[in-house]
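1. turn this into a structure:
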Amino acid sequence: MSKSIIATLILLVFGWSFAQDNTDEDLLESLSDESEQSELLENIEFLRENPININQASATELASLPFISEQQALQIIEHRKKSGLFKSTLGLLFLQGFDLTLFEKINHFITTESAQKYIHNPITVNYRTRISRQLNKPVGYNNGTYKSNANKIYNRLQFNLGKSISGGLLTEKDAGEKKYNDLTLFYLSLKASNNIHFIAGNYQLQFGQGLSFWGPYGYSKGTSTTYPIKKRGPGFKKYLSVDENAGLLGFAATIQFNQFKFIPFVSRSKLDATPISENEISSIPTSGFHRTESEILRKDGQIESIAGGRIQYSARSQLRFGGTAYLSKFKKNFNNSDLIRNHFDFRGKSNHVLGFDWEYSNSKFDFFGEFAQSQNGGTASITGLRIYENPLKLAFLFRKYDKDFQNFHSLGFGESSETQNETGFYSGIEYQIKSRTKFSAYFDIYKFPWRSFFEPLPRSGNDMLTQIQHKFSSTILFTLLYKQKSKQSTENFHDSYDREKSELLQRQQRQYRAQVDFRGIKNLLIRSRVNFTKINYNSTSKNLSNKQENGVLIYQDIRLEVTQKLKLWTRISFFGTDSFDSRVYQYENDMPGVLTNRALFGQGTRWYFLVKYHLTNRVNLFCKFSELYRKDASQLGSGADLIDNNVDQRFSMQLQGEF
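-> Numbering: from 1, shown residues only. Below you'll find the model as predicted:
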């Protein structure tokens with residue numbers, strides 16, 4: 001029996017896996033737990049819209065796929081050399097380490113077909129327009145705090161002129177903002193040849209392991225325990241996301257010459273800033289809101305000019321070195337007067353960063369790292385190793401970020417969102433026990449040698465996660481998860497002389513989760529999840545007392561493909577927590593380009609209904625309605641966002657298509 005026939009039989013037997021879209025919710029939960037990082041969704045969406053051809057892509061391009069290691073990318077290359085091109089993406093199932101679970105995760109990001117659409121239709125245009133509204137108006141819209149209506153409006157257009165020229169334009173207005181183009185982004189890209197690529201407008205840089213230059217988002221600790229520790233910087237990429245302070249505005253190029261790659265870049269971007277005086281600011285807020293008078297005052301309050309470059313040398317497909325250097329100058333002086341809480345924050349008008357990164361991959365292991373230094377002498381370093389011995393995967397990573405490392409454009413792997421004041425060691429394991437059973441776990445230990453803004457004392461902590469998944473049959477997947485975070489926090493008290501003092505308290509959070517996925521028929525998925533959270537505050541001092549909090553989340557999820565034109569997603573969640581500190585999270589299915597990871601606390605329910613309808617072969621309509629009900633509260637929110645009842649209802653509608 002030929003391999004193609006075997007692959008067809010596999011597809012029929014496990015057709016429910018392939019027919020059902022692998023949702024963004026599932027992917028994001030694997031790569032970044034308890035975060036709201038819209039750029040991660042943009043990366044996933046970009047791959048879905050621009051699938052990688054496994055018959056043509058390089059090892060570097062293949063390794064940019066989520067969950068694909070450099071070793072697996074090399075396997076694909078080696079298969080093409082020995083056995084010829086893949087007739088179907090199902091051919092990956094015959095390679096070692098490519099099981100059904102992995103195939104289901106990446107199937108929508110790969111293809112074996114050439115880009116024929118550019119031959120028949122050299123001009124393609126993609127558009128997306130969306131309107132969202134909070135139906136229960138907060139008081140800020142009634143008392144004049146917010147200067148406009150509650151509609152959030154988003155428009156995006158992208159085009160391709162053949163395979164060489166592409167561009168895009170995005171406008172967005174947040175709820176309460178006056179201008180419909182409060183945020184405007186654009187880019188124009190030109191691929192002059194296979195070795196020369198230019199971009200002008202809004203773009204983003206991603207180099208090495210994120211210490212010298214990266215955007216504000218990246219994969220972090222999640223249920224995928226070996227993949228996320230290594231970043232895969234593509235160099236530069238277009239930027240049409242809705243984070244207003246995350247992109248650059250200017251020009252960049254990639255020039256490939258034999259084994260060398262050069263990436264020069266310049267940028268001049270306007271940033272929101274908190275003013276101190278006409279020529280000084282204290283910080284750069286990142287909310288992106290311009291609804292109130294104070295928020296409007298911060299808009300475009302700072303200008304950053306950047307000039308720099310990167311040189312990269314690839315000795316072979318397995319070995320690569322890179323060096324990055326850039327100079328950043330600001331129009332206004334940073335001068336944070338809080339020398340206690342912000343002692344090591346950047347002050348001044350200019351900064352430069354130098355970085356060096358490396359990686360080596362072969363069929364058994366993957367070794368990588370980066371070192372960076374800022375103008376003041378502060379350093380950051382990271383070194384990682386991943387080992388592959390089917391059915392076992394291991395990952396180890398050490399990081400050390402000095403308390404005085406200063407770089408607005410870094411994002412290293414770690415516990416904190418800032419690449420500063422952290423030392424830690426991470427280890428992860430994935431083991432395919434049997435064809436139907438997979439075990440994964442990680443342990444991360446870290447410390448913060450200096451105080452932070454909110455915590456006046458140095459602290460330490462550790463995280464661990466254990467997950468086991470078992471397929472009882474082709475229709476039932478069972479998942480058990482245990483996660484623990486033990487971290488020191490500071491609590492204040494008054495001594496016998498009524499003096500305020502601080503002591504460290506050990507905060508230990510345990511999370512228990514059980515989940516069942518059932519696919520009764522080809523177009524139906526039913527998911528049930530129970531999630532318990534338990535928090536203990538333990539003190540060794542007689543000045544502070546021990547306490548405990550609990551939280552629970554139970555939800556029922558149904559995804560149904562009614563017809564080829566109509567798909568439905570719905571969920572109802574029941575939650576109960578003792579306070580905000582014991583809150584529970586859940587990623588939600590949402591419209592393309594929207595990431596929802598709600599923190600639920602108090603006592604109540606949340607439900608939503610999402611509809612996708614194919615108006616034509618090229619046009620899709622999405623609608624979502626959600627409702628949050630808190631039975632333990634008479635009001636929701638605070639300040640200008642206060643809702644004078646215990647129900648929060650929201651509606652969104654999106655139209656997108658291609659022509």
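
2. so what pairs up with N160 in the strands?
-> Note on N160: beta-bridge partners T124, S166, judged by DSSP bridges.

3. how close does it get to N126?
-> From N160 across to N126, the span is 8 Å (CB to CB, to the nearest Å). In this view, the C-beta of every residue, glycine as well, is placed from N, C-alpha and C.

4. the two: who's more crowded?
-> N160 (21 against 16; other CB atoms under 10 Å).

5. what score does the more buried one have for pLDDT?
-> Predicted confidence (pLDDT) at N160: the value is 90.

6. wait, it sits on G168?
-> No. Counting by CB atoms under 8 Å, N160 stays clear of G168, with 9.8 Å between them.

7. all helices for this protein, in order.
-> Using DSSP state H, the helices found in the chain span residues 3-13, 15-19, 24-31, 38-49, 59-63, 70-83, 100-106, 117-120, 293-298.

8. so what pLDDT did L40 get?
-> 63.

9. ugh, typo on my part, it should be T89
-> Note for T89: predicted pLDDT of 86.

10. how about the contacts made by it?
-> Going by CB atoms under 8 Å, 6 or more residues apart in numbering, T89 touches 54, 103, 107, 110-112.

11. kindly report the same for S337.
-> By CB under 8 Å, 6+ apart, the contact list for S337 reads 276, 282.

12. number of nearby residues for N336?
-> Using other CB under 10 Å, the number of residues around N336 comes to 17.

13. what's the answer for D345, then?
-> So D345, with other CB under 10 Å, has 17 neighbours.

14. show the pLDDT at the closest residue to it other than its chain neighbours.
-> Leaving aside its chain neighbours, D345 sits nearest to N336 (5.2 Å; criterion: CB to CB, 6 or more residues apart in numbering). Looking at N336, its pLDDT is 82.

15. for N336, phi and psi?
-> Main-chain dihedrals, N336, degrees, to the nearest 10: phi -80, psi 120.

16. ok, so of the contacts of T89, who is nearest N646?
-> N107 (42.6 Å; CB to CB).

17. residues in contact with stretch 425-443?
-> 99, 101, 221, 223-226, 229, 390-399, 413, 444-446, 462-472.

18. buried subset of these as a PyMOL selection?
-> In PyMOL, this line selects whichever of the contacts of stretch 425-443 come out buried by 16 or more other CB atoms under 10 Å:
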select buried, resi 99+101+221+223+224+225+226+229+391+393+394+395+397+399+413+444+445+446+462+463+465+466+467+468+469+471
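
19. how far away from the center of its chain is stretch 244-261?
-> Put simply, stretch 244-261 sits 21 Å off its chain's centre (CA atoms, centre = their mean, to the nearest Å).

20. pretty sure K400 sits against N421.
-> No. If you go by CB under 8 Å, K400 and N421 don't touch, sitting 10.4 Å apart.

21. which of these two has more residues huddled nearby?
-> Neighbours were tallied for K400 and for N421 using other CB under 10 Å; the higher tally belongs to N421 (21 against 17).

22. not counting sequence-adjacent ones, nearest residue to the more buried one?
-> Nearest non-adjacent residue to N421, counting by CB to CB, 6+ apart: K403, 4.2 Å away.

23. what's the separation between the one you found and Q469?
-> Relative to Q469, K403 is positioned 40 Å away (CB to CB).

24. next one: V594
-> 27 Å.

25. how about low-confidence regions in the stretch 51-200 of the chain?
-> Residues of the stretch 51-200 of the chain meeting the criterion pLDDT under 70: 114-121.

26. circling back to that earlier point, keep only those of the contacts of stretch 425-443 that are in strands.
-> Among the contacts of stretch 425-443, the members falling in strands (DSSP state E) are 392-399, 444-446, 462-471.

27. next, the buried residues of stretch 634-651.
-> Across stretch 634-651, burial judged by 16+ other CB under 10 Å covers 636, 640-641, 643, 646, 648, 650.

28. could you do stretch 169-181 as well?
-> Those would be 169-177, for stretch 169-181 by 16+ other CB under 10 Å.

29. from these, which is closest to Q506?
-> D174 (39.4 Å).

30. quick check: that closest one touching E295?
-> No. In this structure D174 lies outside contact range of E295 using CB under 8 Å: 9.9 Å.

31. shared neighbours, those two?
-> Residues touching both D174 and E295 (CB under 8 Å, 6+ apart): F289.

32. nearest spatial neighbour of G309, skipping sequence neighbours?
-> Counting by CB to CB, 6+ apart, P264 is the residue found nearest to G309 once chain neighbours are left out, at 4.5 Å.

33. can you get me a residue count around that neighbour?
-> Around P264 there are 14 residues (other CB under 10 Å).

34. roughly how far does it sit from I306?
-> The gap separating P264 from I306 is 11 Å, by CB to CB.

35. repeat for F94
-> Per CB to CB, F94 is found 47 Å from I306.

36. neighbour count for these two, which is higher?
-> Neighbour count, other CB under 10 Å: between F94 and I306, I306 has more, with 20 against 14.

37. what's the local residue count around G144?
-> The burial count for G144: 9, using other CB under 10 Å.

38. same deal with S277?
-> Neighbour number of S277 under other CB under 10 Å is 9.

39. tell me the pLDDT at it?
-> Predicted confidence (pLDDT) for S277: 89.

40. repeat for W358
-> On pLDDT, W358 comes in at 95.

41. identify the residue nearest it in space, chain neighbours excluded?
-> F321 (5.1 Å).

42. just checking, the one you found touches Q312?
-> Yes. Between F321 and Q312 there is a contact under CB under 8 Å: 7.0 Å.

43. so which of those two has more stuff around it?
-> Neighbours were counted for F321 and for Q312 using other CB under 10 Å; Q312 has more, 21 against 15.

44. pretty sure T223 contacts L465?
-> Yes. The criterion here is CB under 8 Å, and T223 meets it with L465 at 7.1 Å.

45. for these two, list the residues in contact with both.
-> Shared contacts of T223 and L465 (CB under 8 Å, 6+ apart): 440, 481.
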